[in-house]
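> Next input, structure requested:
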Amino acid sequence: RFMDQLIMFGYMVLFVVALPLAPFVGWMSNIVQIQTFGNALLYRKQRAIPAGFQDIGTFQTCFEIVSSIAVLSNSAIIFFTLQTDYFPPSMPISSVVWLFFGSQCVIFIILAFVREVVEDEPYSVKVQKERQEFIRECLFTKVRKID
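Numbering: from 1, shown residues only. Got it, this is the predicted structure:
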């Protein structure tokens, strides 16, 4: 399931400058996909055996790589193909290249800052994990701890 979402995400973020409606088309595609899979699960397929996962695995890295490539490609499209629209004709190409790299640095710094500030798991999940660890510790060591 993640591969389909990764491909859709790639199309949306890589071509958003060329086709600004790409996120809307992706959203509509996801709505249709949810309806189709829901119908298949309800009426045509056997119930899947539940399996637990810690995270989305290597797809997280794939999403981050696609995001980085999207930043590079969209910035390149804006700075180099739309150069005549945004910059005066007398501006040297070296200045445009420096602006391109400067904007890349700013965007990647913002991405790094957001990754550090936003927590990976909500507070309620942290509390439940601590509770689970406490119960496990009490059961296996057979020592009651009262805090």
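> and residue 46, which of the three is it?
coil (DSSP: H, G, I helix; E, B strand; the rest coil).
> Distance-wise, check it relative to residue 8.
Residue 46 sits 27 Å away from residue 8, going by Cβ to Cβ, to the nearest Å. Quick note: C-beta positions are derived from backbone N, CA and C, even for glycine.
> how about the helices in the chain?
2-14, 22-39, 58-76, 83-86, 93-117, 123-141 (DSSP state H).
> To residue 51, which of those lies closest?
helix 2-14 (14.2 Å; Cβ to Cβ).
> give me the low-pLDDT residue ranges for the chain?
142-147 (pLDDT under 70).
> rewinding a little: compare residue 46 and residue 8 and say which is more crowded by neighbours.
Relative neighbour count places residue 8 above the other of residue 46 and residue 8, with 17 against 6, counting by other Cβ atoms under 10 Å.
> doesn't residue 26 make contact with that one?
Yes - counting by Cβ atoms under 8 Å, residue 8 does reach residue 26; the two are 5.1 Å apart.
> Residue 12: neighbour count?
19.
> rewinding a little: dump the helices of the chain into JSON lines; add distance to residue 52 as well.
Formatted as JSON lines, the helices of the chain follow (distance: least, Cβ to Cβ, whole Å):
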{"stretch": "helix 2-14", "distance to residue 52": "16"}
{"stretch": "helix 22-39", "distance to residue 52": "20"}
{"stretch": "helix 58-76", "distance to residue 52": "17"}
{"stretch": "helix 83-86", "distance to residue 52": "50"}
{"stretch": "helix 93-117", "distance to residue 52": "25"}
{"stretch": "helix 123-141", "distance to residue 52": "13"}
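> ok, now how distant is residue 120 from residue 66?
Taken as Cβ to Cβ, the span from residue 120 to residue 66 is 19 Å.
> meant to ask about residue 76, not that
15 Å.
> next one: residue 119
23 Å.
> ok, now which ones touch residue 14?
66, 69, 70, 73, 74 (Cβ atoms under 8 Å, 6 or more residues apart in numbering).
> hmm, try it at 6 Å
Applying Cβ atoms under 6 Å, 6 or more residues apart in numbering, we find residue 14 in contact with 70, 73.
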